[in-house]
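Enquirer: predicted model and sequence follow; I will ask about them next.
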Amino acid sequence: MKTSVYLLGLVAIFILVGFLEAQTIMDNEKKTNHYNFTDETESVNASGEPNLPSSTQYVLEESREEDGEIVEVYGEYEIYEDENGVVVERVPTSNYEFLRYKEEE
């Protein structure tokens, strides 16, 4: 008799935990569906000017020889373009990539 009460209690706990998890999952799904994404053409920056679509691009800034290796330094830039795809502004970031090549003998 005691084992059946324990088993019944264990089953009740599993059902309760499953119900609570299902509620949590449903609540999280509701939260993620309420975001309003604005079109980039509608957003403005702090100065009131419309934001332009941007992308990042690495540009070769330096190539040097160091300890028998060729080292190329690439700097990351944010590229801002207008509606026609013309580059309006290039802003350097603080990110750099360094590529090293061994010189062939």
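Expert: Received the coordinates, thanks. Numbering: from 1, shown residues only.
Enquirer: show me the strands in this protein, by range?
Expert: In the chain, the strands defined using DSSP state E lie at 54-66, 69-81, 87-102.
Enquirer: which of the ones you listed is buried the deepest?
Expert: strand 69-81 (a mean of 15; mean count of other CB atoms under 10 Å). In this view, the C-beta of every residue, glycine as well, is placed from N, C-alpha and C.
Enquirer: can you list the strands that it pairs with?
Expert: strand 54-66 (antiparallel), strand 87-102 (antiparallel) (DSSP bridges).
Enquirer: list the contacts of the last one.
Expert: Right, strand 87-102. Defining contact as CB atoms under 8 Å, 6 or more residues apart in numbering, one finds that strand 87-102 is touched by 52, 56, 58, 61, 68-82.
Enquirer: average model confidence for that strand?
Expert: Average pLDDT, strand 87-102: 90.
Enquirer: for stretch 23-37, same thing?
Expert: 52.
Enquirer: swap in stretch 64-82?
Expert: pLDDT averaged over stretch 64-82 gives 89.
Enquirer: now do that stretch: everything it contacts.
Expert: 52-63, 87-93, 95-103.
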